[in-house]
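Visitor: Quick one, structure for this:
(one chain, ligands or ions: 1)
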Amino acid sequence: MTEHRRTDTRHAEAPAGQAREHSLRIERLNFAYGDTPILRGIDLHVREGEFLALLGPSGSGKSTLLRLIAGLESPTAGRLDASGRPVSGPGTDRAVVFQHYALFPWMTVVDNVAEAVAKAHPRLPRSERRARALKQLERVGLGEVGGNHPFELSGGMQQRAAIARALALESPFLLMDEPFGALDPINRAKLQDLLIEVWQGSTPRRTVVFVTHDVDEALLLADRIAVMGATPGRIIAEHSVPFARPRQRAALFKDAGFHRLREEIAEALDADTLAHLEAA
Ligand SMILES: Nc1ncnc2c1ncn2[C@@H]1O[C@H](COP(=O)(O)OP(=O)(O)OP(=O)(O)O)[C@@H](O)[C@H]1O
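Guide: Model (predicted):
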């Protein structure tokens, strides 16, 4: 049974005419598949405009937590609010980008993006949907290939198209599940830079939850990192990422503070894995 405890009224319904704060509030959240606990006691607050990385080893429940935020699964217990309202299913306020691009192969790239715009804004005229789609494709460097089909694009380009599709929804939340995990290192770096450029260049900034198992990627991109441990999945540490933006990869990798934080996170992950091996 889904239980929503309302112990805090700060994110309750905004009065008419007042802008809603696009934050996420997760409290004492549990999730199980049948009798198998997958997530236990998740407490997490993501501020509006914040870039949060969910970092953890395989099987720690990062994707499951993202799917819960996306409304693709329901909590077994606890509270999960987006913009002050309990999440009760998928919504166009929460755009999702998966590792595999999930573009419709029978549609052109621009039609794929325009279709997403149509879902989010069904009353927009067709020409306006197309114009929005083209604008986002240009933003991600795909202005020239909108008329192509996804199979005519490289993996990196398809992932750019998937990002354009998510941006075209103009949703306040952007949920990303290892979006660059299938890319080669050069394309991965390019898309990391593109994502940050787009996120920093948008007003208001989107609230981002970004799943990764790559410590460097989390440190490069995020404002804050929630580190997850496994069996069952739970948050074992949270770290603010103090490095000024824009972050230059080369400078960051030479920074002593970067290496200290990286080591601290790696040690927390190792200690959790070791504790489980000893308990097994
Ligand atoms: N449909 C399902 N039925 C039962 N168990 C599942 C199902 N989907 C995932 N799980 C289990 O839930 C746990 C968490 O999986 P999840 O994919 O969320 O982890 P993850 O941290 O994202 O891992 P990865 O980095 O490998 O994607 C795993 O033990 C997985 O086997």
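
Visitor: give me the low-pLDDT residue ranges for the protein?
Guide: 1-19 (pLDDT under 70).

Visitor: residues in it within reach of the ligand, list them.
Guide: Proximity of the chain to the ligand, by CB under 6 Å from any ligand atom, involves residues Y33, I38, G56, S58, G59, S60, G61, K62, S63, T64, H213, G233. Quick note: C-beta positions are derived from backbone N, CA and C, even for glycine.

Visitor: can you tell me which of those lies nearest to D270?
Guide: Of all those, D270 sits closest to G56, with 12.4 Å by CB to CB.

Visitor: Hmm, the closest one is touching A230, no?
Guide: Yes - contact status for G56 versus A230: in contact at 7.1 Å, counting by CB atoms under 8 Å.

Visitor: More neighbours: which of those two?
Guide: Using other CB atoms under 10 Å, the more surrounded residue of G56 and A230 is G56, with 26 against 19.

Visitor: residue contacts, that one?
Guide: Going by CB atoms under 8 Å, 6 or more residues apart in numbering, G56 touches K62, H213, V227, M228, G229, A230, G233, L269.

Visitor: Would you reformat those residues as a markdown table and include secondary structure and distance to G141?
Guide: A markdown table is the format used below for these (DSSP: H, G, I helix; E, B strand; the rest coil; distance: CB to CB, whole Å):
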| residue | secondary structure | distance to G141 |
| --- | --- | --- |
| K62 | helix | 28 |
| H213 | coil | 27 |
| V227 | strand | 33 |
| M228 | strand | 33 |
| G229 | strand | 38 |
| A230 | coil | 37 |
| G233 | strand | 36 |
| L269 | helix | 34 |
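
Visitor: can you list the residues that contact stretch 27-41?
Guide: The list of residues contacting stretch 27-41 from outside it, by CB under 8 Å, 6+ apart, reads 5, 7, 42-43, 61, 64-65, 68, 73, 75-80, 232-234.

Visitor: for stretch 179-196, same thing?
Guide: With contact meaning CB under 8 Å, 6+ apart, stretch 179-196 is reached by 97-100, 140-141, 154-156, 159-160, 162-163, 176, 210, 212, 217, 220-221, 245-247, 249.

Visitor: any chance you could map the helices in the chain?
Guide: Under the criterion DSSP state H, helices of the chain are mapped to 62-70, 109-120, 126-139, 155-168, 185-201, 215-221, 249-254, 256-279.

Visitor: for the last one, packing partners?
Guide: With contacts defined as 3 or more CB pairs under 8 Å, 6 or more residues apart in numbering; DSSP states H and E, the packing partners of helix 256-279 are helix 215-221, strand 224-229, strand 234-240.

Visitor: Show me how to select, in PyMOL, the buried members of the contacts of stretch 27-41.
Guide: Selecting only the buried entries of the contacts of stretch 27-41 in PyMOL, with 16 or more other CB atoms under 10 Å as the criterion:
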select buried, resi 42+61+64+65+68+73+75+76+77+78+79+80+232+233+234
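
Visitor: Strands - which of the contacts of stretch 27-41 land there?
Guide: Under the assignment DSSP state E, those contribute I42, D43, A77, G78, R79, L80, R234 to strands.

Visitor: show me the contacts for the second one.
Guide: By CB under 8 Å, 6+ apart, the contact list for D43 reads I26, E27, R28, L29, I235.

Visitor: Distance of E267 relative to A237?
Guide: As judged by CB to CB, to the nearest Å, E267 and A237 stand 10 Å apart.

Visitor: More neighbours: the two, which one.
Guide: It is A237, of E267 and A237, that has more neighbours when counted by other CB under 10 Å, with 17 against 11.

Visitor: Could you give the number of residues near the spatially closest residue to V140 that is not a sequence neighbour?
Guide: Distance criterion CB to CB, 6 or more residues apart in numbering; nearest residue to V140, sequence neighbours excluded, is R160 at 4.3 Å. Neighbour count for R160, taken as other CB under 10 Å: 25.

Visitor: For R160, give me its contacts.
Guide: Shown in contact with R160 (CB under 8 Å, 6+ apart): V140, G141, L142, L191, L194.

Visitor: Just give the closest residue to the second one, not the sequence neighbours.
Guide: So the one you mean is G141. Among residues not flanking G141 along the chain, R160 sits closest, at 6.3 Å (CB to CB, 6+ apart).

Visitor: any idea how far the ligand is from that neighbour?
Guide: Distance of R160 to the ligand, given as CB to the nearest ligand atom, to the nearest Å: 22 Å.
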